[in-house]
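In: Give me the fold of what follows.
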Amino acid sequence: MLLAVLGTVLLGFGFPASAGKFAAAAGAAVGIGIAAFVLGLGQSLRLLTLSDEQFAAAARAERIELRDERNTAVRTRAGAAAHRVIVLLLIALLLGLGLYGAALPVILAVSAVLLTDLILHMVLAGYFARRI
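Out: Residues are numbered from 1 along each chain as shown. So this is what the prediction gives:
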């Protein structure tokens, strides 16, 4: 319900400001507002359609599922595979931009994203290695 209210507020601020020098910020506010409104509306409808017993059972099943080690391993492997694919796509994009003669700031921006990703990977791998 709170998300639906937040979405409505963002939509209310976004549409009047859509013309002028704040058009980009207004467009972002409208997009985020629509997403928040739809998520909040879906959550509210879900809560309204479930009885208290069904809601308690669904919450209990969700907690059990989140704690399940197998699901955790599957999520971890899927995340690692997605990370590998994103890095490969960034490298391919970087090579493509270089071959097509893109402007240097564009190439540097993509390089910065790739470098940030690799640094984050190393830092987080070290953090989780110490934590576990």
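In: Run a quick neighbour tally on Leu114.
Out: 16 (other C-beta atoms under 10 Å). Every C-beta, even on glycine, is put in place using the N, C-alpha and C of the backbone.
In: for this protein, what spans make up the helices?
Out: Using DSSP state H, the helices found in the chain span residues 2-14, 23-49, 52-67, 69-99, 104-131.
In: which regions of the chain sit below the pLDDT cut-off?
Out: 1-3, 10-11, 13-22, 132 (pLDDT under 70).
In: Domains in it, by residue range?
Out: Per automatic domain parsing, the structural domains of the chain span 2-49, 69-131.
In: how far does the longest one stretch from start to finish?
Out: Terminal residues of domain 69-131 lie 17 Å apart, using C-alpha to C-alpha, to the nearest Å.
In: Show me how far it is from its chain's centre.
Out: Mean-position distance between domain 69-131 and its chain equals 15 Å (C-alpha atoms, centre = their mean, to the nearest Å).
In: Could you single out the most deeply buried of the helices of the chain?
Out: helix 2-14 (a mean of 16; mean count of other C-beta atoms under 10 Å).
In: picking up where we left off before, TSV for the domains of the chain, including distance to Ala57?
Out: Rendered in TSV, the data for those read as follows (distance: least, C-beta to C-beta, whole Å):
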stretch	distance to Ala57
domain 2-49	14
domain 69-131	18
